[in-house]
Every structure is written in C-alpha cells, then in structure tokens.
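In: next one to model:
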Amino acid sequence: MVKGKSVILKVLGGLIAFCVALVAGTVFLLNTDAFQNKLLRYATRLLSDKLQTSVQIDSVSIGLFSQAVNLYGLDVEDLQHRKMFQLDRLSVDVKLLPLLRNEIRITNASIDGVRAQLYKPRRDSAANYQFIIDAFKKDSVPSASQQPADSLKKKKKLQLNLSKLSASNIDVIYNDQAYKLQSLLYKNKGSDMHTAIISDLERSWVSHTKKGDVDNRLTIGSLMLTNDGAQHQAEIDNIHFVTDNHKPRKNVGKPKRGAFDAGHFDIEASLKADINSIKGDSIVATITQCTALDKGSGLMLKSLTTKVLVAKGVAHLCNVDIKLPNTALKFDHATVQLPNKKLERPLEFSTSPITGRVILKDIARPFAPVLSNFSIPLSLRVDFSGNAELLKFQNVSVSTLDKKLSVNANGSITGLKDKHQLNVHFRVGKMTAKGGIKERIISQFPVKKFMMKQLHNLGTIHYTGDFSVLWKKETFQGLLSTEAGRINFNFSLDELNKYVYGTARSDSFMLGKAMAMPDIGKIACKADFRFDISKPRTAKMRQQKGGKLPIGQVDAEVYEAKYKKIKVRNIVANIQSDGAIADGKITMKGSRVDLLCSFSFTNTNEMQKTKIKPGIRFHKLSEEKRAEKEEKKAAKRAEKEEKKAAKQAEKAERKAAKQAEKEERKRLKEEKRAAKKAAKAEAKAVQ
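Out: Here you go, the predicted structure:
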C-alpha cells in the first residue's frame, strides 16, 4: 500500500516537473529574440496580406511574467503607397488569467508618437483609409434562428476592460485640417467612474471664402471629463481660437469703426458643464460657467449659464443668463435649428423675451466707438429670431431706469452675408424723451454740441417714424412732436460723400420759443438743408476761417409767420454758413414791391442778439405776374360770360315753361267746352 502511494507520488512529481519544465521552456522561448523576430515577421506578413499594402514593424517584445506587449515602429502605407500611419511605440499590460473567461483586461496601455495623414477629397470619393475599415469588417453573423441552440448557450461575448490609457505626441492631418495632441490620460476607477484628461490639443484648418482663404487655429490647454457614476462633468481651460485672413483689420485708419473683425479673431475662453445624459445624437447638459474674451475687439463675455438639450439637429436652451462687464441679460428659453448642408437644413433660431439691463459702452470698442462714454443704464426687452440671412427684433422696449426715455419699436437686419446688401430697418412706434434726458444722452457722445439750448427749449419730445441703415447711408424720417409744435422730417446721412441732408416741414411751429426769440410767433414752413460732415474738407475751411458753426446751407419757404404784431406770408429764406459766419437772407415777394432783410450770426447760443437789417425793393410787374394777371382777367371774363349764358338760358327756360302752361290751359278750356256741348246734345236727344 505504501509502495503504491510512493509510485503515485513519483508519477505526479514527474508530471509536475515536466509541466514546470514545459512552462519554463515556453517562457524562455517566448522571451528569445529569435522567436519574437519570427513572430514579428509572421504578424507583418499577415497584416500586409490582409491589407494588401506595405506594413512594417521595427520590433516587438513580449514579457510572459511581466504580461507586457510592446510594439515599436509601426508604419502603414495607403493603396497609393503614401505614408498613412506611423506609430513609434505601443505598450500594453494584459492580465492573462481573465483571457480564460473570454475577457481582455488591460491594466495599462501607453501610446507614443502617432502620425497619420488621412484624405477624403470629396464626399463621393473613397477615403485613403477606407481599405483598412473594409479589411477588418466583421463577417456576417448568422441570425439566432439559423444558429443551433447549443451554440447560443455556449457563446459568450468578449469583454474589454481598460484600466488606464495614456497617449502622447499625436499628429493627425485630415485633408487640409491638422490636429495635434500633446497628451491624453484615461483612468477607469470602476463602478462607472471614469476620468479623461486631454492636454495641449491643437487643430488648424483653412476656410475658403469668397474674399480669400482664412487660416484658423484652435488650441485647448486642458480638457477634463469625469464621471462619478451618476454625473458627467466637463471642464475646458485655456481655449484659444485665432483667425487670420492675411489682410489689415477692418478698422485700420477708421477710428469710428468698431474693432470686431471675423478675419482676425483672437478669442480666449473657458467652459465648465455638467453632462446629464448622452444618448445617440442627443445631449442634455448644463453649462455652469463660460467666459470668453476677443482680445482683438475687446468684446468680453463675463459669464454664460444655461441648460442645453440637443436632439435631432435642434438645440433647446433653457434659463439662459448672459453677463458682459456691465450688462446682464436673461431669457427663459430658445430654440436653435443647427445647420446641416448634407440634409439641406438651414440655421434658424428664436428666443422667448430677452430682458435685462444694458450699458452700451460694453459694445463700444467692438461695434461702435462712438458709444465709448455711454454709461446710462438702459432696461431692455426684445423678442429675437432669425436665420443666416435675417435677424428680427420684435416688441423692442428700451427705457432709462427713471423712465424719462422710453422707446417701443420693431425691426430687422437683412442681407447679413453681403455688406452691400445689408439693411438695418426699425419702425419706432413711440419714443418719449422727458426733462433733461435729451441733453444727458447727447453728452454721452464725443461729438460737437450744436444748438443745445434750442433743444432744451423744445421740452418733452415724442417721436414716431422709422430709420434705416444701409451700406454707406442712413435715413431717418417721421413725426417729431414737441412743446413748440410738430415737425415732419426726412433726414439722410451720406457716409460715402460725407454729407447730411434732408427736409423738415411744420404747419404750426413756435420758432420764437425754440430759438428764445419771443418776437417771432408761430410759423408754417418747409426747409431743405445740406451740411458738410467731411473732416478733411471742414478742417481745411476752419483752418482758413476759424469758427465753430456747421458748414452748409438751409433753404426755407415760409407759408405764414408772425413777427411781433405783423403777419406775413409767402417768405423765402436762405442761410449760408462757412463755419465762421452764417449769413441769412429773407425775402417776402410782392407784385411790385419785395420786402427784404438780412442777418448774420457766429454763435447759435446767442441768436437772440442777432441784428436784422430790413430792406425794400421795387420792380416792374414780372412776366410771370403779368401772365398770371391776364389769366385772372380771362378767367373773370369767362366767368362773366358763363353767368350771362346761364341767365339767358334760365330766361328762355322760364319763357318756354310759361308758353307751355298757356297752351295747357287753352287745351283744358277747349276740352271743357267740348264736354259741355256733348252733354247738351245728349240731353236734347233724350227729350
């Protein structure tokens, strides 16, 4: 019995020794250069035959005890024999025992030095990497009804478990777009807890526009994605977006033009977001923090928070809160249809009412330097919608906090893609300016202040009308109601030729009240004006003559006016100003006598001191007046003849009526006589 046991132990000991020797031999064989080189040649030949292209691998090492696989120098060409994919090193640490359970468990994977050149010139052309996808496509799997029941029970899905992945020095070129990644780190902490950190990601590409090529470069300092099982979070820092169209900035040499220029973006930004869910093409996320600054234009987004839902190409924004340095806006929801050229889906968007407080100097540097000192807080409400060609502003309400200024309007901006077709149009339903708000608003602009006292004398102003901003031209028109009267006007600003011109008309305006000249009463008139706003031209004139007046002219026709106790009609006035002196001439024309007066002034604030020089001019009756007089005489004769003819016609008509009446009486008398005679004859016959 003891001997039998001894034999069994010897046999088992021999088997164990053989297995140990076999494993030791296998380990020794796997770690020899000869075996690994043979394995390398086999793998390289297998890949080359599979892909039908050149595949090269410099070396490979396999450590059985360390459970590490290292691959060095992978080089793959595309079917046109161009370098397509290069890899310096790939290291993978694999657990061996989980392989028996049909599970690949990688504790650590490391990739270094990836260079790829990928091309797909057109949508309908094949990419240079398509052959790899085709080569590794899975063979079609029989359906469950075609497979034996035993195989369905035994089959177990292969599982992949990656604990850590690091990558560095990755360069990818796709068509004309270049991507660079300095490093990537991914960690799987188990229980659906993941962390991914991307550092120094860079993308470069060229945008082909009608005006030329624009270079674009986007860099991200760090991007961290975390998942604690229930919540995903994204944090992006040091975002830097730069564009360069290789042309001077649009505001070079144009101080009045804003610095915003899409051809020269230099934007720095950061973003934090909670990602609630990602399913297919739908995303639900909450942006908890977003800041951005365009260093070129000075446009700053201090804060942006919102909840975002993206599904089926449409983005829904909720509880949007936007803050600039001094401006705060918010709206409850917005819908944005994301553009897609392939599906021919255009960009469209709309918002619920946008409300908030606005200080216009926040947008001065990028869009309107003239607003650089505009620090009056304004309350805003507007419904905003549009597409790639059109912006619509409905139910616009703007007011100062004290309500001394209020504006209600509707408007639109069309032709967004072509500056020559750009048209900004607003219809002002009602504007009211009370108290001294007019002067306060004008004082916010760095412009010369003319006739400020006269503006103050107008008191509260109401305005209804519209205005349009076209390429190199602005137009304003409407009805201005003041305490001095009402004025209909139509003004135009010619930015191309540098003139402002227009027409104003009033049926009853208290000019004396507006100009602080009490001797002048109500006036009904029409005036055309034209002023030079060219800085080079006006500077030259002022250098020669000095002065601070506007340079231009006014031509007016006074239908009726009152000066002291005198009422006058049909007056023609002309005022010419060279910047230093304004000379005026007034003429009241008569048939043989014209009443004249002339005046001049050098300061609009002292017009009440203006001295008027009267004059008189005698003249013969002009041909025009003579013709008018003859025309009146002819009209009078014609009227007299017409009355005479009418009188004769009336007399003839009365005579004819009288004759007809006489004939009628005669006829009735004869009928009566005949009837009496007939009656007598009838009575005689009866007897």
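
In: strand partners of the helix or strand harbouring Val60, parallel vs antiparallel please.
Out: Per DSSP states H and E, Val60 falls inside strand 55-63. The pairing partners recorded for strand 55-63 under DSSP bridges are strand 68-77 (antiparallel).

In: check which residues of the helix or strand that comes right after the strand it pairs with are buried.
Out: Next along the chain after strand 68-77, taking DSSP H and E as the criterion, comes strand 83-95. For strand 83-95, the buried set under the neighbour-count rule, 16 or more other CB atoms under 10 Å, comprises 84-94. C-beta coordinates here come from the backbone N, C-alpha and C atoms, glycine included.

In: mind listing the strands strand 83-95 pairs with, and their directions?
Out: Strand 83-95 is paired, per DSSP bridges, with strand 68-77 (antiparallel), strand 103-118 (antiparallel).

In: picking up where we left off before, list the buried residues for the strand holding Val60?
Out: Result for strand 55-63 [16+ other CB under 10 Å]: buried residues 55, 57, 60-62.

In: which among these gets closest to Asn387?
Out: Minimum distance to Asn387 across those is 49.7 Å, recorded for Val55 (CB to CB).

In: Phe367 reaches Lys256, doesn't it?
Out: No. Counting by CB atoms under 8 Å, Phe367 stays clear of Lys256, with 11.2 Å between them.

In: next SSE downstream of the host helix or strand of Thr475?
Out: Taking DSSP H and E as the definition, one finds Thr475 inside strand 473-482. Sequence-wise, the next helix or strand downstream of strand 473-482 (DSSP H and E) is strand 485-494.

In: can you show me the helices along this protein?
Out: 2-30, 33-51, 130-135, 149-154, 364-367, 437-442, 452-457, 511-515, 535-545, 623-686 (DSSP state H).

In: which stretch in the ones you listed is the model least sure about?
Out: Note on the helices of the chain: helix 2-30 shows the lowest mean pLDDT, a mean of 43.

In: could you list the low-pLDDT ranges of the stretch 501-650 of the chain?
Out: Within the stretch 501-650 of the chain, the stretches with pLDDT under 70 are 590-594, 604-611, 615, 617-626.

In: where do the strands sit along it?
Out: Taking DSSP state E, counting those that start in this stretch to define them, one finds strands in the stretch 501-650 of the chain at 520-532, 551-563, 566-578, 582-588, 593-601, 613-618.

In: let me have the ones you listed in a markdown table, extended by mean neighbour count.
Out: Below are those laid out as a markdown table (neighbours: other CB atoms under 10 Å):
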| stretch | mean neighbour count |
| --- | --- |
| strand 520-532 | 17 |
| strand 551-563 | 18 |
| strand 566-578 | 15 |
| strand 582-588 | 18 |
| strand 593-601 | 15 |
| strand 613-618 | 10 |
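
In: can I get the ones you listed in TSV including distance to Phe241?
Out: Listed next are the strands of the stretch 501-650 of the chain as TSV, based on distance: least, CB to CB, whole Å:
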stretch	distance to Phe241
strand 520-532	43
strand 551-563	46
strand 566-578	51
strand 582-588	54
strand 593-601	57
strand 613-618	68
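
In: tell me how far stretch 318-330 is from the chain's mean position?
Out: Distance of stretch 318-330 from its chain centroid, counting by CA atoms, centre = their mean, to the nearest Å, is 17 Å.

In: okay, now that stretch: how far is its last residue from its first?
Out: Stretch 318-330 has an end-to-end distance of 10 Å (CA to CA, to the nearest Å).

In: that stretch: which residues count as buried?
Out: For stretch 318-330, burial by neighbour count (16+ other CB under 10 Å) applies to 320, 322-324, 327, 329-330.

In: now swap in stretch 441-449 and tell me
Out: Buried residues in stretch 441-449 (16+ other CB under 10 Å): Gln444.

In: please enumerate residues in contact with it?
Out: Stretch 441-449 has contacts (CB atoms under 8 Å, 6 or more residues apart in numbering) with 370-376, 405, 433, 452, 455, 548.

In: before we move on, what about stretch 257-273?
Out: 214, 233-245, 247, 249-251, 285-299, 301, 364-369.

In: buried ones from the residues you listed, can you make that a PyMOL selection?
Out: Buried residues within the contacts of stretch 257-273, by 16+ other CB under 10 Å, are selected in PyMOL with:
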select buried, resi 214+233+234+235+236+239+241+242+243+245+249+251+285+286+287+288+290+291+292+293+294+296+297+298+299+301+364+365+366+367+368+369
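
In: re earlier: save the buried residues of strand 55-63 as JSON lines, and put in distance to Arg665 and pLDDT too.
Out: Converted to JSON lines, the buried residues of strand 55-63 look like this (distance: CB to CB, whole Å; pLDDT from 0 to 100):
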{"residue": "Val55", "distance to Arg665": "137", "pLDDT": "82"}
{"residue": "Ile57", "distance to Arg665": "141", "pLDDT": "82"}
{"residue": "Val60", "distance to Arg665": "145", "pLDDT": "77"}
{"residue": "Ser61", "distance to Arg665": "148", "pLDDT": "77"}
{"residue": "Ile62", "distance to Arg665": "148", "pLDDT": "72"}
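
In: closest one of the residues you listed to Glu630?
Out: Val55 (110.3 Å).

In: ok, now how distant is that closest one from Ile132?
Out: Going from Val55 to Ile132 by CB to CB, to the nearest Å gives 10 Å.
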